[in-house]
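>>> Give me coordinates for this.
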Amino acid sequence: MFREMRRIKQLLSKEETEAVMNRCTNGVLACIGDEGYPYAVPLSYVYHNGKIYFHSAKAGHKLDAIMKDPKVSFAVIDEDTIVSKEFTSYFRSAIAFGKARIVEGDERQEAFRALVEKYSGDQPEEAKQNEIDRCTQAYIIAIDVEHITGKESIEYVRAKNK
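Numbering: from 1, shown residues only. Below you'll find the model as predicted:
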């Protein structure tokens, strides 16, 4: 169902891809928007238990698109260093495909806790819990990942193989 990567030598291992997903702090969610136009929106997220979680307002373009068609992709860029003398950039990125859904109950609490830990892990426990308890105006959305790949520039591949 999902295409194989054309430049297979540049494919990251599952562990390396998950490390990229864990390291990055923002990515771009792509879905089908109004009138069939692609809709891509940058957002903060957490990769937790093999799923991608993010928060969302309870109304808006992103939520409307997900409700209409839950199939989405999510891309992150871990590294992008311009090397002008080589007319290129050295990069590392990942892309996931899956279906998005609103989470509730225990999964919502666990995902919200993971988001808070990622972005405010240095805050006191009481403050973190207060934020989780207080924030009822947002949905937590999960992407159940069906396919994920990571890729890096051939220069990084060569450096690892030296």
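
>>> Figure out the helix or strand that residue 72 lives in.
Residue 72 belongs to strand 71-83 when assigned by DSSP states H and E.

>>> Report the buried residues of that strand.
Within strand 71-83, the residues that count as buried by 16 or more other CB atoms under 10 Å are 72, 73, 74, 76, 78. (C-beta placed from N, C-alpha, C; glycine too.)

>>> List just the nearest of those to residue 9.
residue 78 (18.1 Å; CB to CB).

>>> Would you mind measuring from the closest one to residue 154?
16 Å (CB to CB, to the nearest Å).

>>> now residue 28
Taking CB to CB, one finds residue 28 at 24 Å from residue 154.

>>> Which strands or helices does the helix ranked longest in the chain pack on?
The residue-count maximum for a helix in the chain (DSSP state H) belongs to helix 105-120. For helix 105-120, the elements it packs on are strand 46-48, strand 51-57, helix 125-134, strand 138-152, judged by 3 or more CB pairs under 8 Å, 6 or more residues apart in numbering; DSSP states H and E.

>>> and after the second one, which helix or strand comes next?
So that's strand 51-57. helix 61-68.

>>> Show me what that following helix is in contact with.
29, 31-34, 39, 41, 56-57, 72, 100-101, 139, 141 (CB atoms under 8 Å, 6 or more residues apart in numbering).

>>> And the average pLDDT for it is what?
Helix 61-68 comes out with an average pLDDT of 96.

>>> Surely residue 90 and residue 157 touch.
No: taking contacts as CB atoms under 8 Å, residue 90 lies outside contact range of residue 157: 10.3 Å.

>>> Tell me how far stretch 102-122 lies from the chain's centre.
The gap between where stretch 102-122 is centred and where its chain is centred comes out at 15 Å by CA atoms, centre = their mean, to the nearest Å.

>>> got the buried residues for it?
Within stretch 102-122, the residues that count as buried by 16+ other CB under 10 Å are 103, 107, 108, 111, 112, 114, 115, 116, 118.

>>> Kindly provide the distance from the first one to residue 51.
What that stands for is residue 103. Taken as CB to CB, the span from residue 103 to residue 51 is 9 Å.
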